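1. no sequence on hand, only this structure:
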């Protein structure tokens with residue numbers, strides 16, 4: 001195993017260990033200042049990524065995260081993780097399986113792309129509406145607008161992210 005491979009794998013292991021401890025500051029410390037994040041709901045850069053995790057960890061009071069398949073090689077990495085939590089907007093239980101891809105720069109995560117089935121997530125989080133409409137782009141766009149609006153409010157109430 002090369003030094004970069006070992007270092008990048010250890011970085012991802014630390015990132016998920018922080019996540020499972022609900023340590024959003026530790027997660028943020030794993031990110032490069034130029035971090036770019038994308039998943040089916042969020043697309044952010046820089047401090048907004050740290051703000052997003054902070055918000056999600058605070059709102060997911062009973063969130064449990066379990067990561068597996070953590071690997072890194074040649075500046076890229078991947079992991080599979082499962083988040084189990086109660087979706088605060090509906091009180092419904094969610095078990096979301098996510099596949100993440102990473103890129104590294106200067107010993108930090110500079111790019112993260114998280115993929116999951118929006119339909120499967122919305123079926124659990126939103127109930128019948130998600131089950132029957134979760135495949136429609138309009139529902140995904142509504143969830144994106146709501147989530148990003150919540151992030152804007154969160155950033156306004158947390159001055160450490162005000163330049164985000």
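-> Arrived safely, thanks for sending. Since we're looking at a predicted model, the values are computed, not measured. Numbers count the residues shown, from 1 in each chain.
2. so residue 13 touches residue 70, yeah?
-> Yes: with contact defined as CB atoms under 8 Å, residue 13 counts as touching residue 70 (5.6 Å). Heads up, the C-betas are built off the backbone N, CA and C, glycines and all.
3. counting neighbours, go ahead and name the busier of the two.
-> residue 70 (20 against 14; other CB atoms under 10 Å).
4. helix/strand/coil for that one?
-> strand (DSSP: H, G, I helix; E, B strand; the rest coil).
5. do you know the pLDDT at residue 2?
-> Looking at residue 2, its pLDDT stands at 51.
6. show me what the helix or strand bottoming out on mean pLDDT in the chain is packed against.
-> Of all helical and strand segments in the chain, the minimum by mean pLDDT, DSSP states H and E falls on helix 128-133, at a mean of 88. Helix 128-133 sits against helix 118-126, helix 137-156, with contacts defined as 3 or more CB pairs under 8 Å, 6 or more residues apart in numbering; DSSP states H and E.
7. so which of those is the most surrounded?
-> helix 118-126 (a mean of 20; mean count of other CB atoms under 10 Å).
8. any idea where the strands of the protein begin and end?
-> Applying DSSP state E to the chain gives strands spanning 31-38, 43-45, 64-73, 76-87, 92-105, 108-115.
9. was I right about residue 119 contacting residue 132?
-> No: the criterion here is CB under 8 Å, and residue 119 misses it with residue 132 at 10.0 Å.
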